[in-house]
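Trainee: Provided below for reference: sequence and predicted model.
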Amino acid sequence: MEQTITTAELTGILQAGDPVTLLDVRRKEDFDKVPQTIADAEWKNPAEIDQWLPTIPMDKEVVIYCVRGGSVSQSVQQRLAESGLKARYVEGGLEALNKTNHA
């Protein structure tokens with residue numbers, strides 16, 4: 001399975017209503033600066049992954065994003081995949097999603 005998803009692919013999934021768990025995994029300080037998430041996303045503190053990882057449903061694909069789709073998303077995606085979840089992170093993160101939504 002791919003580790004990444006493009007903003008266009010995510011938009012298609014959301015518009016189609018496909019079952020997906022959408023997680024905002026920006027660092028707490030980044031989330032506190034701009035606490036808005038994209039539609040239907042739930043913020044999860046990446047520093048507390050051990051606490052919330054067991055609560056993620058195993059029956060849906062998980063799509064995560066951070067600010068830029070860098071080390072935070074990549075490390076969280078790897079942990080989710082190692083736990084048996086189908087997980088991908090958004091290429092370019094929230095910045096790319098915002099550009100797509102404002103284009």
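Mentor: Arrived safely, thanks for sending.
Trainee: so how far is the host helix or strand of N98 off the chain centroid?
Mentor: Using DSSP states H and E, N98 falls within helix 93-101. Centroid separation for helix 93-101 versus its chain: 12 Å, with Cα atoms, centre = their mean, to the nearest Å.
Trainee: what about that helix, average pLDDT?
Mentor: Along helix 93-101, the predicted local confidence has a mean pLDDT of 84.
Trainee: Need the contact partners of it.
Mentor: For helix 93-101, the external contacting residues (Cβ atoms under 8 Å, 6 or more residues apart in numbering) are 7-8, 10-11, 24, 26, 38, 65-70, 73, 90, 92. No exception for glycine: its C-beta is placed from N, CA and C like everyone else's.
Trainee: same deal with stretch 74-92?
Mentor: Around stretch 74-92, the neighbours that count as contacts under Cβ under 8 Å, 6+ apart are 1-7, 10, 23, 25, 46, 49, 53, 56, 58, 60-66, 68-69, 73, 96-97, 99.
Trainee: Can you say which of the residues you listed are buried?
Mentor: For the contacts of stretch 74-92, a neighbour count by 16 or more other Cβ atoms under 10 Å gives the buried set as 5, 7, 10, 23, 25, 46, 49, 56, 61-66, 68-69, 73, 96-97.
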